[in-house]
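>>> Pasting the sequence and the predicted coordinates here, then a few questions.
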Amino acid sequence: MRIPRTCLQKLHASVACLVFSLALWAGLAWGVEPFVLKDIRVEGLQRSDAGTVFAALPFRVGDTYNDEKGAAALRALFSTGLYKDVRIDIDGDVVVVIVDERSVVGRIDFTGLKEFDKDQLGKSLRDFGIGDGLPFDKALADRAEQELKRQYLARGYYGTEVVTTITPQERNRVNVTFTVSEGEVAHITEIRIVGNQAFSERTLKGLFDLTSSGWLTFYTKSDRYSRAKLNADLETLRAYYLNRGYLEFIIESTQVTLSPNKQEIAITVNIREGQVYTVTAVKLEGDFLGKEDKFKTLVRIKPGEPYRAETVAATTSDFVDLFATFGYAFARVEAQPEIDRDTGQVVVVLRANPLRRVYVRRINVAGNSRTRDEVVRREFRQLEAAWYDGRKVKLSRDRVDRLGYFSEVAIDTAEVSGSPDQVDLTVNVKEKPTGNLLIGAGFSSADKLVLTASVKQDNVFGTGNYLGIEVNTSKSSRLLVLSTVDPYFTTDGVSRAIDLYYRTSRPINSQGEDYKLVTPGGSVRFGIPFSEYDTVFMGIGYERTEIRGDTGLPLIYRLYKSEFGEVSSSMPLTVGWSRDDRDSALVPNAGSYQRVNADWSVAGDAKYLRVNAQYQQYWPLTKQYTFAFNSEVGWGRGLGGRDYPIFKNFFGGGLGSVRAFDQGSLGQVDVTGAYIGGTRRVNFNGEFYVPVPGAGNDRTLRLFGYVDAGNVWGESETVELNSLRASAGIGLSWLSPVGPLKLSFGTPIRKRPGDRIQRLQFQIGTAF
């Protein structure tokens with residue numbers, strides 16, 4: 001919350017008005033005869049220079065001075081806000097300006113801070129007038145003290161005390177020190193809901209993000225009271241009832257009680273449910289542009305079912321959107337329920353007023369200090385000088401938001417003055433850092449210690465292009481990658497991605513001998529948007545794979561090396577398709593992700609076809625429970641009479657495949673004991689997510705139960721369902737500061753003799 005500087009300005013204006021009135025009264029009593037100025041002197045300056053005073057004066061040496069100019073000079077000097085008092089004396093033909101300067105803040109300091117960052121608080125106070133180098137005002141300092149207390153109250157610190165100390169310094173400066181005694185944060189010890197009959201108190205409290213203190217609230221902080229959070233929870237409670245037919249549900253009162261020691265908070269919510277209303281009919285009234293039949297197809301309200309406010313709101317929103325597609329940007333649709341309390345029935349009347357049709361005159365971009373306007377404009381599907389189309393405007397906003405360059409994206413529609421049939425659209429964006437410098441370490445049960453480093457920039461020089469360098473030092477796969485992506489390589493939105501990489505990998509081997517595959521290569525790939533949600537990828541690459549080392553080299557690698565040499569080159573053509581409509585890439589709760597990718601090596605020593613397809617789906621069962629399903633199929637085959645290259649095999653087992661089995665241990669096993677994978681792979685994964693007890697509705701920390709099934713087969717093996725491996729278990733999913741972490745503990749429920757079991761597995765940076 002910012003305290004406006006207008007309060008200080010009004011104070012200055014009042015003082016200036018008083019002084020000016022006195023000066024005017026004195027001028028009337030002791031009027032000065034006009035004279036020609038020979039000199040101007042300034043007295044009383046301690047810190048600022050005389051040039052500031054001279055710049056504000058409405059007269060110069062050689063001008064004719066009179067009372068009106070003197071009064072104007074007083075007004076101008078007081079309006080600067082730099083002076084507590086100003087006088088003008090006349091000494092012969094000389095004007096003497098006597099000023100009493102306001103003190104200037106030399107330094108702002110804080111002591112006792114733990115909950116807040118000093119720099120952030122300093123910036124917040126500066127925004128409303130208290131900061132280094134600004135004129136000091138005791139009234140603003142007092143308000144700044146109250147603002148600090150308010151910010152602590154917002155975080156549940158009700159016993160916080162703030163003492164402001166003003167220390168005079170030389171040259172009319174002061175240091176301002178805020179000494180903070182934070183005290184202890186207050187915790188919610190009890191939440192009660194009174195008046196409920198249809199639903200249990202436990203069910204209703206489960207809707208709230210606020211909770212009473214529990215063993216995990218130190219992490220979720222859901223037991224810290226916030227008025228904004230309570231209001232949001234009350235709206236959730238109201239929506240819960242309104243969506244179940246309780247049309248007259250009301251929250252009668254809310255009491256928040258703070259204990260005498262200011263450490264405990266009790267919340268009591270008093271409600272009145274009312275009766276359940278059933279919809280008997282839906283009526284359309286007003287002007288529907290003669291397209292009533294089309295609007296009726298959008299009605300989601302079903303007679304015979306309980307009144308659902310969410311469905312009514314969705315219907316009115318769809319109506320407004322449909323009006324907008326015809327150019328009616330300001331259409332109004334109101335839902336007016338006609339209730340019959342005696343029978344518990346309601347007729348929903350949808351009344352429409354389209355107002356007037358408009359077209360877009362101009363599209364403006366605001367808030368982008370770094371990103372070029374073109375990067376935003378090229379995502380727009382609504383065009384200037386075209387009829388307003390609400391569907392295209394919303395799609396444009398979503399496309400700009402999906403760029404990932406902005407933390408906030410909003411589109412404002414403003415009428416053009418004097419032109420009722422025109423509107424201007426303003427895209428308001430708030431930029432966020434898009435560069436990422438990462439130096440870190442990770443650990444997995446398969447690769448042990450992994451060091452990573454990357455430099456990534458998603459919006460290089462504000463052009464919307466991507467540039468990245470990535471290094472990975474895992475035991476099984478070491479990687480150096482240089483990547484660049486131009487999302488608008490052509491004006492039609494065709495993207496171009498270039499990758500250069502150097503990869504070394506070791507096939508997972510039970511003996512752990514010293515050999516590796518070294519693969520330098522590169523590729524160029526183009527993404528062609530076939531719809532707003534579907535992208536087809538096409539590209540070509542070149543890579544060279546060298547089998548280094550002979551000690552402990554698995555037999556199948558030795559045979560491949562003897563037949564085709566230790567170095568194999570390939571030139572794969574890539575074709576792929578993807579669609580992602582998940583609500584979050586890190587902690588998805590709804591939506592699906594689909595992709596298909598095929599590599600066809602048409603030239604070089606290694607000729608093959610490799611296809612991989614994946615499908616994920618997330619179903620939100622309730623606000624707290626989610627079911628997720630993942631499936632993946634891989635297939636590869638050698639071409640041109642050549643064997644499928646062994647280094648392109650699929651692997652299975654472990655996280656991302658069938659958990660509780662050792663990482664990469666499914667599939668064929670070489671006579672030397674090495675796990676060599678196979679040319680075909682199938683995975684099925686099901687997960688049921690539940691909140692950690694005490695975590696409330698927090699989605700960054702969840703428990704899950706899982707069932708996995710899958711296997712890998714060699715080219716000479718038959719794919720049979722009875723050869724599938726399966727496992728089940730439980731796990732913990734945590735969106736940690738270093739990335740998504742998954743910890744799972746399970747047991748095989750379908751295995752074969754010789755399978756390697758690893759019940760406890762974890763990894764940072766994995767999804768399924």
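Yep, that arrived.

>>> and stretch 230-243, how far from the chain's centre?
Offset of stretch 230-243 from its chain centre (Cα atoms, centre = their mean, to the nearest Å): 24 Å.

>>> ok, then the element right after whatever helix or strand Pro520 lives in?
In the assignment (DSSP states H and E), Pro520 maps to strand 516-529. Using DSSP H and E, the helix or strand that follows strand 516-529 in sequence is strand 535-548.

>>> list the buried ones in that following strand?
For strand 535-548, a neighbour-count test (16 or more other Cβ atoms under 10 Å) marks 535, 537, 539-543, 545-547 as buried. The C-beta positions use only the backbone N, C-alpha and C, and glycine is treated the same way.

>>> Pairing partners for that strand, with directions?
strand 516-529 (antiparallel), strand 567-580 (antiparallel) (DSSP bridges).

>>> what about it, distance to the chain center?
With Cα atoms, centre = their mean as the basis, strand 535-548 stands 34 Å off its chain's centre.

>>> And stretch 163-176, by the same measure?
For stretch 163-176, the distance to the chain centre is 41 Å (Cα atoms, centre = their mean).

>>> Also stretch 521-531?
Put simply, stretch 521-531 sits 27 Å off its chain's centre (Cα atoms, centre = their mean).

>>> got the buried residues for it?
Across stretch 521-531, burial judged by 16+ other Cβ under 10 Å covers 521, 523, 525-527.

>>> Of those residues, which is the nearest to Val349?
Distances from Val349 to those, taken as Cβ to Cβ, are shortest for Gly527 (48.0 Å).

>>> Relative to Pro572, how far out is the residue lying closest to that closest one once chain neighbours are set aside?
In space, and not counting its chain neighbours, Gly527 is closest to Ser495: 3.9 Å by Cβ to Cβ, 6 or more residues apart in numbering. To Pro572, Ser495 is 19 Å away according to Cβ to Cβ, to the nearest Å.

>>> For those two, indicate the residue with more neighbours.
Between Ser495 and Pro572, Pro572 has the larger neighbour count (other Cβ atoms under 10 Å), namely 24 against 19.

>>> Provide the partner residues of that one in its beta bridges.
Ser601.

>>> just Thr257 next, same as before
The bridge-partner assignment for Thr257, based on DSSP bridges, gives Ala266.

>>> Could you count how many residues lie near it?
Other residues close to Thr257 by other Cβ under 10 Å number 11.

>>> again with Leu242
Leu242, neighbours per other Cβ under 10 Å, totals 19.

>>> Was I right to think it contacts Pro306?
No. Counting by Cβ atoms under 8 Å, Leu242 stays clear of Pro306, with 9.9 Å between them.

>>> Just after the worst-scoring helix or strand of the chain on mean pLDDT, pick out the following helix or strand.
Within the chain, no helix or strand scores below helix 6-29, which has a mean of 43 by mean pLDDT, DSSP states H and E. Counting by DSSP H and E, the element after helix 6-29 in chain order, helix or strand, is strand 35-36.

>>> Understood, closing this out.
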